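[1] sequence and predicted model, in that order:
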Amino acid sequence: MSTLRKRNEQRTSGRTPQLQMGKIVREALLGETGIAKALKPGTVIVDTTSSSPFDTIALGKDLEERYQLQLVDAPITQTYMYVTSAGESTLLVGASQPSAFEKVEPVLRCMARYIFAFGKLGAGHAMKTLNNYVMASSICALSDSLAVGQKYGLDPQTMIDALNVGTGVCFPTLNTFRRDGITGRFESGFGLALLVKDLGITEEFMEHNGLETELPSLTKRYLADALKEVEPDAGRSGQASN
């Protein structure tokens, strides 16, 4: 066993933390008990969380300057949590050093069916926050539509059937609301609290890039209000309860 472990350690040149947010990743790597100091120079760390692209850039700079480590951001977007272990997720990649991405790409291919490379470090997290913003906005619109439709006498299951073959089709209609929203299970695998957190990143990203829009803040408020009405670990379809 010790021989196998030694061989694995010799072959491994990357780490792929999948934690809940950027500040946890930073603490895990550079905190008092962080692992960065124990890694070999040249090791590539792949951050698969949903983090601020600006925090990611700063973390990459610190890792390079202090320990000669390379950072790649490759946040995951997927339908349900189990798809990563099945190799069916989608990864959104940012890497300032092409060689760093090339080094870890075989590992990422085991995790994902689709990999999109967006360029420099932080670009993956930029795309992830925009992805989650689009998804969150559709959740709010769908929740309002189902609520008012039911008040008018429309069947919610039939509404989703119609949306899925019309122009209103979206990720929540296809994947989460029929099973988790309408039924009140709210167990899609991605916490509503984390989605609210991600919308805070969207607000920061929009403001930093000079886009004046109220929709990210409104969407975040809608979901934050819904979070007060459901269990703390409710999935993203918990907006249906509001």
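    Sure thing, it's come through. Here the structure is a predicted model, which means the values were calculated and not measured.
[2] Thr90 contacts Thr77, doesn't it?
    Yes: counting by C-beta atoms under 8 Å, Thr90 does reach Thr77; the two are 4.9 Å apart. Every C-beta, even on glycine, is put in place using the N, C-alpha and C of the backbone.
[3] which residues touch Leu215?
    Shown in contact with Leu215 (C-beta atoms under 8 Å, 6 or more residues apart in numbering): Ser137.
[4] ok, Ala112 next?
    Counting by C-beta under 8 Å, 6+ apart, Ala112 touches Ile76, Thr84, Gly87, Glu88, Ser89, Thr90, Leu91.
[5] can you do 10 Å?
    Ala112 sits next to 48, 74, 76-78, 83-84, 87-93 when contact means C-beta atoms under 10 Å, 6 or more residues apart in numbering.
[6] thinking again about what came up before, anything in contact with each of Thr90 and Thr77?
    Common contacts of Thr90 and Thr77 (C-beta under 10 Å, 6+ apart): Ala112, Tyr114, Phe116, Asn131.
[7] give me the buried subset of those.
    Ala112, Asn131 (16 or more other C-beta atoms under 10 Å).
[8] that older thread, can you flag the buried ones in the contacts of Ala112?
    Thr48, Ala74, Ile76, Thr77, Gln78, Val83, Thr84, Ser89, Thr90, Leu91, Leu92, Val93.
[9] dump those residues to TSV, plus secondary structure and pLDDT.
    Shown next, in TSV, are the buried ones among the contacts of Ala112 (DSSP: H, G, I helix; E, B strand; the rest coil; pLDDT from 0 to 100):
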residue	secondary structure	pLDDT
Thr48	coil	91
Ala74	coil	96
Ile76	strand	91
Thr77	strand	88
Gln78	coil	74
Val83	helix	58
Thr84	coil	62
Ser89	strand	87
Thr90	strand	94
Leu91	strand	96
Leu92	strand	97
Val93	strand	98
